[in-house]
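Colleague: turn this into a model:
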Amino acid sequence: MDRIYCGQPPPPTELWASWNLDPVVLAALVWLPVMLRRSPVGLAATFVMFVAFVSPLCALSSALFSARVLHHVLLVAVAAPLLAVVWPGRGRAGLALPFMVSTAVLWVWHLPTSYDLALSNVAVYWLMQLTLLGSAVWFWQGVFTTNDALVDRLVFVVAGFAQMGMLGAILTFAPAPLYAAHAVAPFLWGLTPLQDQQLGGLIMWVPAGVPYAAAAIVLARRSWLNLSSGPA
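Modeller: Down below sits the predicted model:
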């Protein structure tokens, strides 16, 4: 078994010293703003990635499933739409395929077998992160640039949150903890593994809706501005 990426689960007293200084990740985060032409939105996306992969949240997500959920929400619902704004899609394909792919990727990686494998093998861990982020960027590119009508795009935004909320509800009401990777470490944080899992499910179910609501507002505002600036 390979080491857990970001190191072994830290106790609370060591969390704020648990920064991930992986030189490859740091180099990528220095390079990313250059590729994004140092745009404000690109810098915001880079900051979110920094929080996810460099800050102590990375180490905490080795200990707590709820922290891992927060990590994934930051990737698919915050960093991904920001990156989609900077790297827009072509606006031709519809949203159905990217929605199905991104949904399938999210659910597959939260199956206990695949999740535990990702946390025990660095290569699989990065496969998880890249597929989660890449499929989410594809979905958000469609949301922001597709030729579909505004109502259709808003429906897919709502559906994107609904499928995540459904997964969160399943995790919240599961009668037993599902993930061997978090069978011990939550006790260090005053939580049972089941309570940690329930907290993660609640994060998916409720707070994760905030970025989706923000995206819907952005879409509606864009549409209003386009109508207002149209021919009189």
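
Colleague: this structure: helices as residue ranges?
Modeller: Assigned by DSSP state H, the chain shows helices spanning 23-35, 40-53, 56-63, 65-73, 80-86, 96-109, 112-120, 122-145, 150-173, 193-205, 209-228.

Colleague: helices or strands up against the first one?
Modeller: Going back to what we said before, that points to helix 23-35. Where contact means 3 or more C-beta pairs under 8 Å, 6 or more residues apart in numbering; DSSP states H and E, helix 23-35 is packed against helix 40-53. (C-beta placed from N, C-alpha, C; glycine too.)

Colleague: tilt between the helix it packs on and helix 65-73?
Modeller: 160 degrees (axes from the mean of the first three to the mean of the last three C-alpha atoms, to 10 degrees).

Colleague: and the contacts of helix 40-53?
Modeller: 20, 22, 25, 29, 32-33, 35-36, 57-58, 71, 74-75, 78-79, 82-83, 85-86 (C-beta atoms under 8 Å, 6 or more residues apart in numbering).

Colleague: dump it to PDB, restricted to CA.
Modeller: Taking C-alpha atoms only, helix 40-53 is exported to PDB below (Å, rounded to 0.1, in the frame of the first residue of the first chain):
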ATOM      1  CA  PRO A  40      -9.000  37.900 -11.400                       C
ATOM      2  CA  VAL A  41     -11.200  34.800 -12.000                       C
ATOM      3  CA  GLY A  42      -8.200  32.700 -12.700                       C
ATOM      4  CA  LEU A  43      -6.400  33.900  -9.600                       C
ATOM      5  CA  ALA A  44      -9.500  33.100  -7.600                       C
ATOM      6  CA  ALA A  45      -9.500  29.500  -9.000                       C
ATOM      7  CA  THR A  46      -5.800  29.200  -8.200                       C
ATOM      8  CA  PHE A  47      -6.500  30.300  -4.600                       C
ATOM      9  CA  VAL A  48      -9.300  27.700  -4.300                       C
ATOM     10  CA  MET A  49      -6.900  25.000  -5.600                       C
ATOM     11  CA  PHE A  50      -4.200  26.200  -3.100                       C
ATOM     12  CA  VAL A  51      -6.700  25.800  -0.200                       C
ATOM     13  CA  ALA A  52      -7.600  22.300  -1.500                       C
ATOM     14  CA  PHE A  53      -4.200  20.900  -2.100                       C
END
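
Colleague: got the buried residues for it?
Modeller: Within helix 40-53, the residues that count as buried by 16 or more other C-beta atoms under 10 Å are 42, 44-53.

Colleague: wait, which of those residues is closest to residue 170?
Modeller: Nearest to residue 170 among the buried residues of helix 40-53: residue 52, at 23.6 Å, using C-beta to C-beta.

Colleague: how close does the closest one get to residue 70?
Modeller: Using C-beta to C-beta, to the nearest Å, residue 52 is found at 9 Å from residue 70.
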